[in-house]
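Undergrad: Below is the sequence, then the predicted model.
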Amino acid sequence: MKVVLLAGGFGTRISEQSHLKPKPMIEIGEKPILWHIMKYYSQYGFHDFVICLGYKQYVVKEFFADYFLHTSDVTFDLAGNKMEVHNNYSEPWKVTLVDTGLNTMTGGRIKRIKPYVGDEPFMLTYGDGVCDVNLDTLLKFHQGHGKIASMTTVNITQLKGVLDINENNVVRSFREKDEADASLINGGFMVLNPEIFSYLKDDTTILEQEPLQKLAAEGQLMSFHHSGFWQCMDTQREMKKLEDLWQSGQAPWKIWEK
């Protein structure tokens, strides 16, 4: 199963960093948060990634093109025009980097990667958030209910999309959150069936608006509630929180050995 990562936005709410690089390339522990997300999925056996790019896409492409330079010790023999990589560890990843447009909205970006996903279900999340959700359990939940979309939901005071969920975990409505809300919110880490593409019109489509609202109205959007760790990185404060967790050795999303 492929994992689609949304990594093309401008990241304006953390502009202190994102004016230099795309937000998913902002580093936690000297590695882009995008890398952390991919390592997490990989620990559950998901190694095939499709990354939706836009703003400063070349930074992401250069990172993967020179992956060993970023992750290994290297000797350059300038006289002999040779390079030797030491102690390199090769990730079991296949990474497809797709230019989905500079100003394309989230739904439009997903629509553009349809040729790379095909007619199979796929995972989807945002390139700026980490968690410790059990992806195996999430996938079993999705496969068990037969609906088009499953969304990991968390209860946290953030300005994200608010969900009205019934006792059977069916999402009845989807709307933007306001300051007074204490409802479950969209935490990303979704599983989507290929029928989702019929809900996406063009580059102006925002996934979190009409498509998810329509799925909710039709009873096709299911909530997978996660009560554990979840954190997005919208601000400098949130970036520091993630960095502090990493440096303390207590990062809940670090489930790999190296």
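TA: Structure's in. What do you need?
Undergrad: buried ones in the helix or strand harbouring Thr96?
TA: Using DSSP states H and E, Thr96 sits within strand 94-99. For strand 94-99, the neighbour count (16 or more other CB atoms under 10 Å) marks Val95, Leu97, Val98 as buried. For every residue, glycine as well, the C-beta is placed using N, CA and C.
Undergrad: so what secondary structure elements neighbour that strand?
TA: The contact analysis (3 or more CB pairs under 8 Å, 6 or more residues apart in numbering; DSSP states H and E) places strand 94-99 against strand 48-53, helix 57-65.
Undergrad: quick check: mean pLDDT across the first one?
TA: Here the mean pLDDT over strand 48-53 is 98, rounded to a whole number.
Undergrad: likewise the longest one?
TA: Averaging the model's pLDDT scores along helix 57-65 yields 95.
Undergrad: Downstream of that helix, the next helix or strand is which one?
TA: Past helix 57-65, the next helix or strand by DSSP H and E is helix 67-71.
Undergrad: show me the contacts for Ser72.
TA: Val85, His86, Asn87, Asn88, Tyr89 (CB atoms under 8 Å, 6 or more residues apart in numbering).
Undergrad: Go through the helices and strands packed on strand 94-99 and name the closest to Lys201.
TA: Counting by CB to CB, Lys201 lies closest to strand 48-53 out of these; the figure is 16.6 Å.
Undergrad: Ala251 touches Asp244, doesn't it?
TA: No - using CB atoms under 8 Å, Ala251 makes no contact with Asp244, being 9.3 Å away.
Undergrad: Who has more neighbours out of those two?
TA: Ala251 (20 against 12; other CB atoms under 10 Å).
Undergrad: The residue nearest to the more buried one when sequence neighbours are not counted and Val85, how far apart?
TA: Nearest residue to Ala251, sequence neighbours excluded (CB to CB, 6 or more residues apart in numbering): Leu245, at 4.5 Å. Going from Leu245 to Val85 by CB to CB, to the nearest Å gives 30 Å.
Undergrad: in the stretch 51-200 of the chain, which spans are helices?
TA: Along the stretch 51-200 of the chain, the segments classed as helices by DSSP state H, counting those that start in this stretch run 57-65, 67-71, 106-112, 114-117, 135-145.
Undergrad: Ok, which of the helices and strands packed on strand 94-99 comes nearest Thr75?
TA: Counting by CB to CB, Thr75 lies closest to helix 57-65 out of those; the figure is 19.5 Å.
Undergrad: tell me the angle of that closest one relative to strand 94-99?
TA: Here the directions of helix 57-65 and strand 94-99 differ by 160 degrees (axes from the mean of the first three to the mean of the last three CA atoms, to 10 degrees).
Undergrad: What helices and strands are in contact with helix 57-65?
TA: strand 48-53, strand 94-99.
Undergrad: Low-confidence stretches in this structure?
TA: Within the chain, the segments meeting pLDDT under 70 span 11-19, 156-162, 175-183.
Undergrad: what's the closest of the helices and strands packed on strand 94-99 to His226?
TA: Across these, His226 has its closest neighbour in strand 48-53 (21.3 Å, CB to CB).
Undergrad: ok, and what's touching that closest one?
TA: With CB under 8 Å, 6+ apart as the criterion, strand 48-53 contacts 1-8, 22, 34, 38, 41, 60-61, 93-100, 109-110, 112-113, 116-117, 122, 127.
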